[in-house]
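Participant: 3D, please:
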Amino acid sequence: MQTTETNLILIVDDTPTNLEVLSEALTDAGFEVAVATSGESAIEQVEYDPPDLILLDIMMPGIDGFETCYRLKQNPRTKDIPVIFMTALSDTVDKVKGLSLGAVDYITKPFQQAEVLARVQIHVNLRNLNLALEEKNIRLEQEITERAIAETALQQLTQDLEQRVLSRTQELSNALYNLEKAQVQLVQSEKLATLGQLVAGIAHEINNPVNFIHANLYYVSRYTQNLLELLNLYQNQLPNATPEILAKAKEIDLQYLIEDLPKILSSMEVGTERICEIVKSLRNFSRHNEAEVKVVDIHEGIESTLMILRRHLEAKPNQPKIQVVKEYGKLPKVECYPGKMNQVFMNVLSNAIDALTEAMENYPSYIPSPRIWITTEVQESDRILIRIADNGLGIPENIQKRIFDPFFTTKPAGKGTGLGMSISHQIVTELHYGSLQCISHPGKGAEFVVEIPIQQPHVCHTGLVKQKFLGSSIPVMLNL
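Facilitator: Prediction:
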């Protein structure tokens, strides 16, 4: 960076008096001064001895100041030298023209020495600062280049080391993964066994008293109707009741009681029927004592699962109800592990509900009518297909490829184990010798297709397959 003692100022003017006045003032201020009397000579001078600032007169013979400034700014070697125009003109158009050509300032004749020195000093300082900044940028770029070279070499070394470490730790990683998977499945099996016993016990304990209440409600309704009819006869045969009877009738609001009591009993009957349905669904869904292959109605298992998930299908604030469209075909009884298949239905349906709920929360106008379709049919006379589809946002292709991988989940931490679809795939493919596929296109929902044989191969009843599924068949919600 140059100092004021070494800063060179070039004065370009065809008037000797102006050159003398400016040269004296700038020299006294500590600047080095050079002069030129025409635009052509100024351009030549700048080429071999570039100044730090140019004071350029506009009105000169030959090429004027505007043309001189234009040529200087077109030259890459001189374009950054600041130019201050000197003129007696006060026309705004001329000033704008000069500034548009790249000039940094104007000095108006006759000169005011203090103003000239102040403007020159400001622009020389700015020039010096820019030069210093350019030097620092050059040094910084050099440092960056050197550092990049060093980092490239370091990356190559670390890459070689990582490759050696990776090859040595691959077996350990695989062993750890298999151990973790086995531990989780063992814990899951214990949970399933405990939950299965709990659900079966609760269903049994609830079932007896509810059945007792439900059965007796029929007689209570008949007795109540008989008593109301008898009361009506009393009112018709003895219209002149005593004051005490009239007071009591008014106190208990007899007319309202007569109208409301049958409604209450009817509501109680509906409530107990609902409890009986739930208990039946729980017992059917858990199938706690059916750890072996059974011949069952697949539709019954689907209906039981829907009953368990009924609360999640109901409408919520700012969200419509999720409609379930059932297109059941005529299926024969199917040999399978009922509890395990119910676990598959639970996982797939729960994922569909979660997908629709998430879509309605984030894109409420995209899915005005959320739906789940359940379709069943016989395939080639010896297999059945169960299709469960939704009209959500769909599953991206990169996620579809991993959807059945153990421990893979797209849910936040704590809301998914990544085992639901993995276990479902294992149940269908390894335990039932079937297939489980995911078909989805972004924006067009997702469909899961379960295919299992109507009759299980005899080899399925024994051997390693059963050992992979320890514990009860009651499913828990291990959604993806």
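Participant: got the contact list for Y48?
Facilitator: Contact analysis of Y48 by C-beta atoms under 8 Å, 6 or more residues apart in numbering lists nothing. Heads up, the C-betas are built off the backbone N, CA and C, glycines and all.
Participant: and it, what pLDDT?
Facilitator: We have a pLDDT of 86 for Y48.
Participant: and the spatially closest residue to T37 that is not a sequence neighbour, what element?
Facilitator: Sequence neighbours aside, D14 is the residue nearest to T37 in space, at 5.1 Å (criterion: C-beta to C-beta, 6 or more residues apart in numbering). Using DSSP states H and E, D14 maps to neither a helix nor a strand.
Participant: Can we start the residue count at 508 from this point?
Facilitator: That works, and once the first residue is 508, the last one we named lands at D521.
Participant: ok, now how distant is D521 from L724?
Facilitator: 120 Å (C-beta to C-beta, to the nearest Å).
Participant: One more: F538?
Facilitator: Separation of F538 from L724 (C-beta to C-beta): 112 Å.
Participant: M566 too?
Facilitator: Note on M566: its distance to L724, by C-beta to C-beta, is 115 Å.
Participant: ditto for L838
Facilitator: L838 is 36 Å from L724, where distance means C-beta to C-beta.
Participant: How about N635?
Facilitator: Distance of N635 to L724, computed by C-beta to C-beta: 101 Å.
Participant: Also Q963?
Facilitator: With distances taken as C-beta to C-beta, Q963 is found 43 Å from L724.
Participant: Quick one: the strands in the stretch 758-907 of the chain, in order.
Facilitator: Along the stretch 758-907 of the chain, counting by DSSP state E, counting those that start in this stretch, strands occupy 801-803, 830-834, 841-843, 878-886, 890-897.
Participant: quick one: the longest one to strand 830-834, angle?
Facilitator: Between the axis of strand 878-886 and that of strand 830-834 there is an angle of 10 degrees, by axes from the mean of the first three to the mean of the last three C-alpha atoms, to 10 degrees.
Participant: could you give me the average pLDDT of strand 878-886?
Facilitator: For strand 878-886, mean pLDDT rounds to 93.
Participant: name the helices or strands packed onto that strand?
Facilitator: helix 805-815, strand 830-834, helix 845-869, strand 890-897 (3 or more C-beta pairs under 8 Å, 6 or more residues apart in numbering; DSSP states H and E).
Participant: Give me the sheet partners of that strand and which way each runs.
Facilitator: For strand 878-886, the pairing partners within the sheet under DSSP bridges are strand 830-834 (parallel), strand 890-897 (antiparallel).
Participant: Buried deepest among those strands, which one?
Facilitator: Mean neighbour count (mean count of other C-beta atoms under 10 Å) peaks for strand 890-897 among the strands paired with strand 878-886, with a mean of 21.
Participant: Where in this protein is the helix or strand with the lowest mean pLDDT?
Facilitator: Across the helices and strands of the chain, mean pLDDT, DSSP states H and E gives its lowest value to helix 971-974, namely a mean of 38.
Participant: Could I get the full set of helices for the protein?
Facilitator: Taking DSSP state H, the helices of the chain run over residues 523-535, 546-555, 572-581, 599-607, 620-744, 750-758, 761-793, 805-815, 817-820, 845-869, 904-907, 927-933, 971-974.
Participant: Lowest mean pLDDT across these, which one is that?
Facilitator: helix 971-974 (a mean of 38).
Participant: Throw the strands paired with strand 878-886 into CSV and include distance to L863, thanks.
Facilitator: Shown next, in CSV, are the strands paired with strand 878-886 (distance: least, C-beta to C-beta, whole Å):
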stretch, distance to L863
strand 830-834, 10
strand 890-897, 6
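Participant: between these, which one is nearest to F852?
Facilitator: Of all the strands paired with strand 878-886, strand 890-897 sits nearest to F852, with 7.7 Å by C-beta to C-beta.
Participant: Give me the distance between the closest one and the centre of its chain.
Facilitator: Its chain's C-alpha centre and that of strand 890-897 lie 29 Å apart, by C-alpha atoms, centre = their mean, to the nearest Å.
Participant: and what of stretch 752-770?
Facilitator: Worked out by C-alpha atoms, centre = their mean, stretch 752-770 lies 60 Å from the chain centre.
Participant: Grab the CA positions of it and hand them over as PDB.
Facilitator: Output in PDB follows, covering the C-alpha atoms of stretch 752-770 (Å, rounded to 0.1, in the frame of the first residue of the first chain):
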ATOM      1  CA  ILE A 752     -99.700 -38.200  44.500                       C
ATOM      2  CA  LEU A 753     -99.900 -35.000  42.400                       C
ATOM      3  CA  ALA A 754     -97.000 -33.400  44.500                       C
ATOM      4  CA  LYS A 755     -94.800 -36.500  44.000                       C
ATOM      5  CA  ALA A 756     -95.600 -36.700  40.300                       C
ATOM      6  CA  LYS A 757     -94.600 -33.100  40.000                       C
ATOM      7  CA  GLU A 758     -91.400 -33.600  42.000                       C
ATOM      8  CA  ILE A 759     -90.100 -36.400  39.900                       C
ATOM      9  CA  ASP A 760     -91.400 -34.900  36.600                       C
ATOM     10  CA  LEU A 761     -93.500 -38.000  35.900                       C
ATOM     11  CA  GLN A 762     -94.300 -37.200  32.300                       C
ATOM     12  CA  TYR A 763     -90.600 -36.700  31.400                       C
ATOM     13  CA  LEU A 764     -89.700 -39.900  33.300                       C
ATOM     14  CA  ILE A 765     -92.300 -41.900  31.300                       C
ATOM     15  CA  GLU A 766     -90.800 -40.500  28.000                       C
ATOM     16  CA  ASP A 767     -87.100 -40.800  28.900                       C
ATOM     17  CA  LEU A 768     -87.000 -44.200  30.700                       C
ATOM     18  CA  PRO A 769     -87.500 -46.300  27.500                       C
ATOM     19  CA  LYS A 770     -84.900 -44.200  25.700                       C
END
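Participant: for it, which positions count as buried?
Facilitator: Buried residues in stretch 752-770, counting neighbours by 16 or more other C-beta atoms under 10 Å, are absent.
Participant: who touches it?
Facilitator: Under the contact criterion C-beta under 8 Å, 6+ apart, stretch 752-770 has outside partners 728, 731-732, 735, 738, 748.
Participant: Return the member of these nearest to N898.
Facilitator: So of the contacts of stretch 752-770, ranked by how close each gets to N898 (C-beta to C-beta), first place is S728, at 43.8 Å.
Participant: Just give me the neighbour total for that closest one.
Facilitator: The tally of other residues near S728 (other C-beta atoms under 10 Å) stands at 16.
Participant: residue contacts, it?
Facilitator: So S728 contacts 769, 772-773, 776 (C-beta under 8 Å, 6+ apart).
Participant: out of F538 and L724, which sits in the busier spot?
Facilitator: Between F538 and L724, counted using other C-beta under 10 Å, F538 has the larger neighbour count: 22 against 17.
Participant: Look up how far D535 lies from the residue lying closest to the more buried one once chain neighbours are set aside.
Facilitator: Nearest non-adjacent residue to F538, counting by C-beta to C-beta, 6+ apart: I516, 4.9 Å away. Separation of I516 from D535 (C-beta to C-beta) stands at 12 Å.
Participant: Of these two, which one has the most company?
Facilitator: More crowded of I516 and D535, by other C-beta under 10 Å: I516, with 23 against 10.
Participant: ok, what's across the strand from the more buried one?
Facilitator: Note on I516: beta-bridge partners V540, L560, judged by DSSP bridges.
Participant: hang on, it packs against A541?
Facilitator: Yes. Counting by C-beta atoms under 8 Å, I516 does reach A541; the two are 7.3 Å apart.
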